[in-house]
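J.: need coordinates for the following:
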Amino acid sequence: MPRIFSPFKAIPDLISHCGSTGTAVFYVPSKDVFITGTINQASSPSTLFQTLIKLVNKL
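T.: This next block holds a predicted model:
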């Protein structure tokens, strides 16, 4: 993710696939971890990414 989208804390590289209704599978190579989940809604797709970034930063 370009640093301009997260100027205060770098986000590690993510290999991912996202569905249209808030489903996702992410792999974080630097942490060797997979994150999967769903938020089961399509009205606010950014919620999924905001939650993912919070999780990755806590690892």
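J.: how much space between the nearest residue to residue 38 once chain neighbours are set aside and residue 12?
T.: Among residues not flanking residue 38 along the chain, residue 23 sits closest, at 4.4 Å (CB to CB, 6 or more residues apart in numbering). For every residue, glycine as well, the C-beta is placed using N, CA and C. Separation of residue 23 from residue 12 (CB to CB, to the nearest Å) stands at 21 Å.
J.: what pLDDT is listed against residue 20?
T.: On pLDDT, residue 20 comes in at 74.
J.: also residue 6?
T.: The pLDDT attached to residue 6 in the predicted structure is 69.
J.: cool, and residue 33?
T.: At residue 33, pLDDT is 92.
J.: ok, which stretches of this structure are strands?
T.: In the chain, the strands defined using DSSP state E lie at 15-18, 23-28, 33-38.
J.: any stretches of this protein with poor pLDDT?
T.: Across the chain, residues meeting the criterion (pLDDT under 70) sit at 1-3, 5-6.
J.: count of neighbours near residue 11?
T.: 16 (other CB atoms under 10 Å).
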